[in-house]
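> Got a predicted structure plus its sequence, pasted below:
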Amino acid sequence: MTLPPSPKTPTWLLGLQLLTNPLGCMDAIYKRYGDIVTMMDGSTPVIYVSNPSGLKQIFSSTREITVSSIFNQKPTLTQGIAQIDGLVHKHRRSLLIKVYQGKRMETFGQRICELTEKIMSQQAVGKTFIAYETILKITLQIAIEVVIGLREGERFKKIKHLCNSLIKYENSSLFNIIGQLPFAEIDFGKGSLLSYHNYLEEEVLQFLHDEVKQRRKQADSSRTDMLCDLIFACDETGKALSDEEVRDLLFLPILASRDGASHSITWSLYWIHRSPAVRKRLFEELNSLGENPDPMDVVALPYLNAVCNESLRIWPSALFTFRRLVEAPVEIMGYELVPGTVIVCNIYSTHQREDVYPEPKQFKPERFLEKKFSPYEFIPFGGGARNCIAGAFGMFQMKLVLATIISRYELALVNKQPEGQRLVGDQCHAKSGVKMVMHGRYQHQGQ
């Protein structure tokens, strides 16, 4: 087998470069070696592809190329959607997709706006705050309400505290540095980093398990949360899902705010407030709907959609798709790949292509008004059989949170210099969390 070109840099040095300057390293590799590159993982060739035609071939070759949970499991105590395969995965995925789509999600639109307003109103005028921390409060509360239907009370406070503790721990620099080491998945016992991480996960899982059991005793099909849907759902054999299965399926969605949602909205606030013309145009579009617009009219606004898309283009919710395994000989971009080869779709580099996105480092929302990009050119939530289940709801939430903030609050960035990046897993976080200051509140839209 003739493999695509591979960087000549020693593996250890390349790993260090990816750890210390991941985006610069990826830009350099793309510029020198092109849009299909081999990176060795021990004796296994891993092919990174950032060519739209190549991505189309990969997503279409479902018989020859599969997504296996073997390659994509993070150390976890659950058997959630990312840890299962085959027909079981297909069935569970369809259950979750139904929850994240349709009329039910529309009922959360007004609540998203209310929560955003409630939390933002707590910010003091003239005082610096960290945008990410504020946005996390909003998205985590939305997640808890959408997933298990808790709005207040001791149970709500407890799960909020547990999730915040786990998110903070997983976002810590020390945890992520150690996560890159060969022994990262080994639990060295009481007092070790992994031991404490497992303890926090166990606490969240125990809470969810208790909640499932309690809700089964008080089954109410009229409720509008994800837990309600899963309690009444059946598996592929027609039997009700077990308490453990429901618990595991709830775990990932309730912590999804630690990943894409909060960071994507934070980056959007950063770009909007670095670009006065963008902020002005967005503010005017939002004001055109009046003082208390219908959330469904807000999410349909074309420029708001373009702003969100452009932010997700520059920093997608994940820089890479799930790893895929070649099961049968297949040709990708002229290379014959044999079984055992691993393929990764490089979302970041695809979104940085100058032939698709002229001046890719520049924040230009208008590009999404001037052209409709294919699902192989713009893939912020991945593609194929394991694209992000919550992608549509994530965009829905992103638009409403941003619309509420931009239309009601006058904010500004504290720092004039560009925001730094920090890689956590396969996600790019704003290094400082984006420091902002509130100058005031608009008493009435249109003023």
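Nice, thanks for sending it over.

> now the spatially most central residue of the chain: how far from Met26?
Closest to where the C-alpha atoms of the chain average out (CA atoms, centre = their mean) is Gly260, at 2.3 Å. Distance from Gly260 to Met26, counting by CB to CB, to the nearest Å: 19 Å. C-betas here are computed from N, CA, C, even on glycine.

> And for Phe232?
Going from Phe232 to Met26 by CB to CB gives 45 Å.

> Any regions of the protein where pLDDT drops low?
Along the chain, segments meeting pLDDT under 70 span 1, 68-89, 91-92, 99-104, 176-193, 257-259, 385-386, 444-447.

> name the helices or strands packed onto the longest helix along it?
The helix that spans the most residues within the chain, counting by DSSP state H, is helix 193-217. Packing partners of helix 193-217 (3 or more CB pairs under 8 Å, 6 or more residues apart in numbering; DSSP states H and E): helix 153-171, helix 173-178, helix 226-231, helix 243-254.

> one more time with 6 Å
helix 153-171, helix 226-231, helix 243-254 (3 or more CB pairs under 6 Å, 6 or more residues apart in numbering; DSSP states H and E).

> If we ignore the residues flanking it in sequence, what's nearest Met438?
Closest residue to Met438 apart from its sequence neighbours, by CB to CB, 6 or more residues apart in numbering: Gln123 at 4.9 Å.

> whoops, I mixed them up, Val278
Leaving aside its sequence neighbours, Val278 sits nearest to Ile272 (CB to CB, 6+ apart; 5.6 Å).

> Now for the residue nearest to Met438, how many residues are close by?
Other residues within reach of Gln123 by the criterion other CB atoms under 10 Å amount to 17.

> That one and Ser222, how far apart?
36 Å.

> now do Leu23
Per CB to CB, Leu23 is found 47 Å from Ser222.

> Tell me which of those two has more neighbours.
Between Leu23 and Ser222, counting by other CB under 10 Å, Leu23 is the more crowded of the two (16 against 5).

> Okay, and that one sits in which element?
Per DSSP states H and E: Leu23 is located in helix 22-33.

> hey, C-alpha coordinates of that helix in CSV?
Provided in CSV are the C-alpha atoms of helix 22-33 (Å, rounded to 0.1, in the frame of the first residue of the first chain):
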residue,chain,number,x,y,z
PRO,A,22,-1.9,22.5,17.7
LEU,A,23,-3.5,24.9,15.2
GLY,A,24,-0.2,26.3,14.0
CYS,A,25,1.1,22.8,13.6
MET,A,26,-1.9,21.7,11.6
ASP,A,27,-1.7,24.8,9.4
ALA,A,28,2.0,24.0,8.7
ILE,A,29,1.3,20.3,7.9
TYR,A,30,-1.5,21.3,5.5
LYS,A,31,0.6,23.9,3.8
ARG,A,32,3.5,21.5,3.2
TYR,A,33,1.9,18.1,2.7
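
> Now find how far off-centre that helix is within its chain.
23 Å (CA atoms, centre = their mean, to the nearest Å).

> what comes up buried for it?
Pro22, Leu23, Cys25, Met26, Asp27, Ile29, Tyr30, Tyr33 (16 or more other CB atoms under 10 Å).

> Roughly how far does the fourth one sit from Gln141?
Which is Met26. Distance, Met26 to Gln141, using CB to CB: 34 Å.

> Tell me which stretches of this protein form strands.
Secondary structure of the chain (DSSP state E): strands at 36-41, 44-49, 65-67, 128-130, 324-326, 330-332, 335-337, 342-345, 409-413, 421-424, 427-430, 435-441.

> Which one of these lies nearest to Leu400?
Nearest to Leu400, of all those, is strand 409-413, at 14.4 Å by CB to CB.

> mind listing what Met26 touches?
Each residue near Met26 by CB atoms under 6 Å, 6 or more residues apart in numbering is listed here: Ser349.

> change it to 7 Å
Going by CB atoms under 7 Å, 6 or more residues apart in numbering, Met26 touches Tyr348, Ser349.

> Tell me how far it lies from Met40.
Here the criterion is CB to CB. By it, Met26 lies 16 Å from Met40.

> How much space separates the residue nearest to Val278 from Ile29?
On the measure of CB to CB, Ile272 and Ile29 end up 30 Å apart.
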